[in-house]
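Asks: Next one to model:
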Amino acid sequence: MDNEKVKNELREIVNTPASALTAAQKRRVRAIAKELGVTFEPKSRCASCYHDAAMECFNRLQEMEAKENAGEDPRKYILKPGVDVYFGSIRVNETTLTDELAEYILERGFMRKYFLKICE
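Replies: Numbering: from 1, shown residues only. Okay, the predicted model is just below:
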């Protein structure tokens, strides 16, 4: 699977109005979801379920790429793609996170599920 090509397809699908999605685009979302192991059961009355599935597939691809590259990254702590939360008054995202900040917030109960890599 060419991840960049698939991500571009998914972007196009998400940027297409739900009412204008073609049958081929819908089939493609179902095929990608199946290949990535994303659970998707379209509902006949749901206008945005294909967009939701396409976004979930896109996020899965982003996470897979990040995991592949995490081993090469010298940082001890790496957040999952897209994490941008507040922990108390501290904004935690890819830009603000340092190893020192990660250790500090983890000691105070920040959830480990937000991390892709934790080296202790």
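
Asks: any idea which element the residue nearest to I78 when sequence neighbours are not counted lies in?
Replies: Distance criterion CB to CB, 6 or more residues apart in numbering; nearest residue to I78, sequence neighbours excluded, is K117 at 4.0 Å. All C-beta spots, glycine's among them, are computed from the backbone N, C-alpha and C. Using DSSP states H and E, K117 sits within strand 115-118.

Asks: If you count contacts, what does that strand end up packed against?
Replies: helix 49-70, strand 77-79, helix 99-107 (3 or more CB pairs under 8 Å, 6 or more residues apart in numbering; DSSP states H and E).

Asks: buried residues in stretch 33-45?
Replies: In terms of neighbour count (16 or more other CB atoms under 10 Å), stretch 33-45 has its buried residues at 33, 36, 38, 40.

Asks: Least confident of those?
Replies: Among the buried residues of stretch 33-45, F40 carries the weakest pLDDT, at 89.
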